[in-house]
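> Got a predicted model here, sequence first, then my questions.
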Amino acid sequence: MKRLIAIVVCCWAGVALASSGGSALHPAGNSLSDTASLQRGARTFVNYCLSCHSAQYMRYNRMAEDLGLTEDMVVDNMLFTDKKVGDTMTVAMRGSDASQWFGNAPPDLSVVARARGTDWLYSFLTGFYADPKKPTGVNNIIFADTAMPHVLWELQGVQKMVTRFEETEEGEEHEVFDHFELATPGIQSELEYQRTVRDLVNFLEYMGEPAKLKRYHIGMWVLVYLVIFTLAAYLLKKEFWRDVH
């Protein structure tokens, strides 16, 4: 049993290291209870992501209902094509064209937060750095050799990777990532960009399971009911056993 546990732990550590590109993940710190954050994330998603990535399981009017938006607000601020408010969030770009232009068709993002996790998404979106060797001019510390360009570069700016040399137990030196330095400033400060990414990740988590918002709301009332029911049951039990010795 101990050997089995050790094997599982080692395998899980290897998978986690591979999925993170060898760099530690940063906590997203997002909250589905923050409606304003979800609204800002929806705006960022529509403006920067939806031109390439679809969200075919999400409808505009469902998003409006869940996030406290009116359909008119969605039409005026988030519908830039001939789509209707009841349509799903798809893109006009064909998969064959996307594969030819980018090498791989951009994936649908409806459930990407459930597949990757919010910490991975946050670290990925904050992990782009300049790399002249790549066709897009950038690489990513979390997802090495990614074909995705840094679509939020105007907001964040362009950062460069700073490395250092570490010595292994065998006495060999190897180059490792140390930190990022901002080479070209963006229109947002570092804290503003982190909030923008956090809002976007928040919206992506919502899209992965929209019903979670309603579950959270109903769950509060269920807890209140259980507290009241427990109190009533205690008083009933006390009354029932009052004359029993």
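Structure received.

> what about the helices in the protein?
2-19, 35-44, 60-66, 71-78, 95-102, 112-116, 118-125, 153-156, 190-208, 211-240 (DSSP state H).

> Can I get those in CSV including mean neighbour count, mean pLDDT and distance to Thr136?
In short, each C-beta sits where N, CA and C put it, glycine included. Listed next are the helices of the chain as CSV, based on neighbours: other C-beta atoms under 10 Å; pLDDT from 0 to 100; distance: least, C-beta to C-beta, whole Å:
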stretch, mean neighbour count, mean pLDDT, distance to Thr136
helix 2-19, 10, 39, 21
helix 35-44, 20, 95, 20
helix 60-66, 19, 93, 29
helix 71-78, 14, 89, 26
helix 95-102, 12, 68, 9
helix 112-116, 17, 95, 19
helix 118-125, 23, 97, 14
helix 153-156, 17, 96, 10
helix 190-208, 21, 97, 19
helix 211-240, 10, 86, 34
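
> nearest to Val162, of those helices?
Checking these against Val162 by C-beta to C-beta gives helix 190-208 as the closest, at 15.5 Å.

> mind listing what the most centrally placed residue in the chain touches?
Most central in the chain under C-alpha atoms, centre = their mean is Val201, positioned 3.1 Å from the mean C-alpha point. Contact analysis of Val201 by C-beta atoms under 8 Å, 6 or more residues apart in numbering lists 28, 30, 41, 113, 118, 121-122, 125.

> Quick check: Ser110 vs Lys212, distance?
The gap separating Ser110 from Lys212 is 14 Å, by C-beta to C-beta, to the nearest Å.

> Please apply the same query to Glu172.
48 Å.

> Surely Val111 is in contact with Ala55?
No: assessed by C-beta atoms under 8 Å, Val111 is found out of contact with Ala55, at 9.2 Å.

> Which residue of the two possesses the greater neighbour count?
More crowded of Val111 and Ala55, by other C-beta atoms under 10 Å: Ala55, with 25 against 15.

> So for the more buried one, what's the nearest residue that isn't a sequence neighbour?
Of all residues not flanking Ala55 in the chain, Met89 sits nearest, at 4.0 Å (C-beta to C-beta, 6 or more residues apart in numbering).

> just to revisit the earlier point, list residues touching both of Val111 and Ala55?
Met207.

> List the contacts of the closest residue to Glu166 other than its chain neighbours.
Spatial nearest neighbour of Glu166, excluding adjacent residues (C-beta to C-beta, 6+ apart): Val176 at 5.2 Å. Val176 makes contact with 163-166 under the criterion C-beta under 8 Å, 6+ apart.
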